[in-house]
Structures are given as C-alpha cells and as structure tokens.
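**Student:** Take this sequence and fold it.
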Amino acid sequence: MKRLEGKVALITGAARGQGEAEARLFVAEGARVVIADVLDADGQRVASELGEAAMFQRLDVTRPEDWSAAVSAAQARFGKLDVLVNNAAILKLAPIETCSLEDYRKVIEVNQVGCWLGMKAVLPAMKEAGRGSIVNVSSTAGMEGVASGTAYVASKFAVRGMTKAAALELGGYNIRVNSVHPGGIDTAMARPPEFANFDSASIYRGLPIPRIGRPEEVANLVLFLASEESTYCTGAEFIVDGGMLAGSTFS
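**Tutor:** Numbers count the residues shown, from 1 in each chain. Okay, here's the model as predicted:
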C-alpha cells in the first residue's frame, strides 16, 4: 500500500522548488493534491503533469479569502482535506540599517501570517475528517540567527513557535502539527540576487554532508510527517540540513 493512500493534501508554494517536489512525491505515494501558488502557469503545468490526482488553485497565502477558496476547492474536488503543508515563503536579505519596513513586513506577512492563516483555514475540514497533519516549513533560520536576515529569521522562528502552540491546541482533535527546518536547498529561493557574486557552494563544502540539499530530500521528510508513520509526532522540529546545525569542527 502506498504511504499516503486515500489522503488529500494542500501544499502551498507547490508550483516549483520544494513544494513541487512534495506534490510529485505525494501523488506518487497515493495522495490527491491541491497545488496552491501565485505562479499560475507553473502551478497549472505541475497539476497537468500529475493528472487527475492533482489540481491547481491560485492562493496568495496572505489573503484569508484565498485560503477559504482553496479549502473549499479541495473538499469539492476530492471530498475532504487531511494534510496541509505550509511551504510557501519568500526571502529578502538586507542588514537592519538598510532593510525597509515594507520589505520586513512583506516577509512577515507571507512566511508568518500566511502560515497562521493556513492552519486556521484548514481546521474545520480536518475536524470534520477526524484527523489531520499540518507540516509547517520553517528553516535552520528558525533555529539560529542569520546576518542580514532579520525579517526571514523572525518569520521562521515564529513558524517554529506557533507550531508548538498549535500542537498543544489541536492534539485533542487528532490533528498533529510539526515543523520542518531545511538548511540550504537547491531551489530558486536559495539563489537570491544578493548571492549573485558569492560562491554559495563554499558554505556547503564544510558540512558533514558537504553539498547543498535537494528538494526531494526535504519532500521525503515532509512525506513521513504527512503519513501514518508519524502518528506519535507532534509539536516537534525536524531538521534536514546536511549537519549544518550540528556544530563546528576544529583541526
């Protein structure tokens, strides 16, 4: 039996990168998936390639009405909703001195408020289903500071914290809530303009696993948390970072 047989999942930011990898793996493991994103063409392409088991739904995670429409679309097309993957995020890097308030708030709105709105929006459907798994994608930046990343770090620490609070609230409804903390993963978001003249590979050569991560490696962890294999896991942090947070070596 496939690991997500019979489950219905909504994945945000699923038009490319980690979200796309998660959507493809979920369908391969028997799930039906709502691919939610603001990238219409990419999202429709992924849904088309995945066939009847997938649908595209435009979703701006900062808009409550978009969340309501996405949950309704999932229920109308697939009959229920069992899994939410809050994957959508943006990255803006700038020192505090030069970071604009507008940019700071935009990161918070997408990464933090969007995650909170998603959890709130899926609750009625998951309570009706009698179970649920919410996977909030944070970052290693939700575990430690990153220079020039005050907005991103603040948002990802918040995702980590709200995951724990939600797990305490929702366990009685058989709804589990966990956070995933990727390190450097080879996606478009990991190649911002600020890194244009920077040898980003140099960051990864010193890791215990000396390379950048692959989206599929994050997807495998998210799959575990969405599945019945993780039924005693909630309120926890799951790190996939090649050993980045393990510490330092001296020679």
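**Student:** Apart from its neighbours in sequence, what residue is nearest residue 40?
**Tutor:** Distances taken as CB to CB, 6 or more residues apart in numbering put residue 58 closest to residue 40, at 6.1 Å, once the chain neighbours are dropped. Heads up, the C-betas are built off the backbone N, CA and C, glycines and all.
**Student:** list the contacts for the one you found?
**Tutor:** For residue 58, the contact set (CB atoms under 8 Å, 6 or more residues apart in numbering) comprises 36-38, 40, 43, 66.
**Student:** Next: residue 81.
**Tutor:** So residue 81 contacts 8-10, 71, 74-75, 122, 125-126, 129, 132 (CB under 8 Å, 6+ apart).
**Student:** mind redoing it with 6 Å?
**Tutor:** The neighbourhood of residue 81, defined by CB atoms under 6 Å, 6 or more residues apart in numbering, consists of 8, 74, 122, 125.
**Student:** Got a quick PyMOL command for the buried subset of the contacts of residue 58?
**Tutor:** One line in PyMOL is enough to select the buried members of the contacts of residue 58, burial here meaning 16 or more other CB atoms under 10 Å:
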select buried, resi 36+37+38+43+66
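**Student:** Sort out for me which of the contacts of residue 58 are in helices.
**Tutor:** Counted as lying in helices by DSSP state H, out of the contacts of residue 58, are 40, 43, 66.
**Student:** What separation do you get for the second one and residue 1?
**Tutor:** Relative to residue 1, residue 43 is positioned 29 Å away (CB to CB, to the nearest Å).
**Student:** where along this protein do the helices fall?
**Tutor:** Across the chain, reading from the start of the chain, the helices by DSSP H fall at 17-28, 40-50, 64-78, 101-107, 114-129, 150-170, 201-205, 215-226.
**Student:** Select from those the stretch with the lowest mean pLDDT.
**Tutor:** Among these, helix 201-205 carries the lowest mean pLDDT, at a mean of 82.
**Student:** Show me what that helix is packed against.
**Tutor:** Secondary-structure packing of helix 201-205 (3 or more CB pairs under 6 Å, 6 or more residues apart in numbering; DSSP states H and E): no helix or strand packs against it.
**Student:** And it, what's buried?
**Tutor:** residue 204.
**Student:** then it to PDB, C-alphas only?
**Tutor:** Extracted in PDB, the C-alpha atoms of helix 201-205 (Å, rounded to 0.1, in the frame of the first residue of the first chain):
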ATOM      1  CA  ALA A 201      29.000  26.400  -2.700                       C
ATOM      2  CA  SER A 202      31.600  27.400  -0.200                       C
ATOM      3  CA  ILE A 203      29.000  27.300   2.600                       C
ATOM      4  CA  TYR A 204      28.300  23.700   2.000                       C
ATOM      5  CA  ARG A 205      31.800  22.300   1.500                       C
END
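**Student:** ok now it, how far from the chain's centre?
**Tutor:** Between the mean C-alpha location of helix 201-205 and the chain-wide mean there is a distance of 24 Å, by CA atoms, centre = their mean, to the nearest Å.
**Student:** do stretch 46-59 as well
**Tutor:** 18 Å.
**Student:** How about stretch 99-116?
**Tutor:** Distance of stretch 99-116 from the chain centroid (CA atoms, centre = their mean) equals 15 Å.
**Student:** what residues does stretch 11-31 touch?
**Tutor:** Where contact means CB under 6 Å, 6+ apart, the residues beyond stretch 11-31 that reach it are 2-5, 7, 9, 33, 35-37, 39, 42-43, 46, 50, 53-54, 61, 85-88, 187, 215-216, 218-219, 222-223.
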